[in-house]
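*Asks:* Okay, here's the prediction I keep looking at, along with the sequence it came from:
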Amino acid sequence: MKKITRAEMREKAVGSVLGSLRIEQLTPSNLVVSGMKSCVLGQDTTQHLLQEAIKHHAQIRRG
């Protein structure tokens, strides 16, 4: 049985995210795409990418 490397696991996770976006007919921003590449290379974490995406794309609603 072949062992799956961490890089391969990260690449598969990023591919799943991009596939989900395509299914929803959404296009990721350049920030998200570059962040995902950093995650695959092991230079960043998905948690940090999520925080950055929320900070740049989510609006804070005050009620």
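*Replies:* Structure's in. What do you need? Bear in mind that the values here come from a model prediction, so they are computed numbers and not experimental data.

*Asks:* Asp44: what secondary structure?
*Replies:* coil (DSSP: H, G, I helix; E, B strand; the rest coil).

*Asks:* neighbours around the residue nearest to it when sequence neighbours are not counted, how many?
*Replies:* Excluding the flanking residues, the one nearest Asp44 by C-beta to C-beta, 6 or more residues apart in numbering is Ser38, at 3.8 Å. Every C-beta, even on glycine, is put in place using the N, C-alpha and C of the backbone. Other residues near Ser38 come to 16 when the count uses other C-beta atoms under 10 Å.

*Asks:* ok, now Lys37?
*Replies:* So Lys37, with other C-beta under 10 Å, has 12 neighbours.

*Asks:* tell me the secondary structure for it?
*Replies:* Per three-state DSSP, Lys37 ends up helix.

*Asks:* Ok, Gln59 next?
*Replies:* Assignment for Gln59 (three-state DSSP): coil.

*Asks:* by contact count, what packs against the lengthiest helix in the chain?
*Replies:* The single longest helix within the chain, with elements called by DSSP state H, is helix 6-23. Contacts defined by 3 or more C-beta pairs under 8 Å, 6 or more residues apart in numbering; DSSP states H and E place helix 6-23 against helix 30-40.

*Asks:* Could you tell me the angle between the helix it packs on and helix 6-23?
*Replies:* 150 degrees (axes from the mean of the first three to the mean of the last three C-alpha atoms, to 10 degrees).

*Asks:* Give me the mean pLDDT for helix 30-40.
*Replies:* Helix 30-40 comes out with an average pLDDT of 88.

*Asks:* Start the count at 14 instead of 1 going forward.
*Replies:* Got it, the first residue is 14 from now on, which makes the last one we talked about helix 43-53.

*Asks:* Contacts for that helix next, please.
*Replies:* If you take C-beta atoms under 8 Å, 6 or more residues apart in numbering as the criterion, helix 43-53 is touched by 20, 23-24, 26-27, 30-31, 41, 57-59, 61-62, 65-66, 69-70.

*Asks:* Lovely, talk soon.
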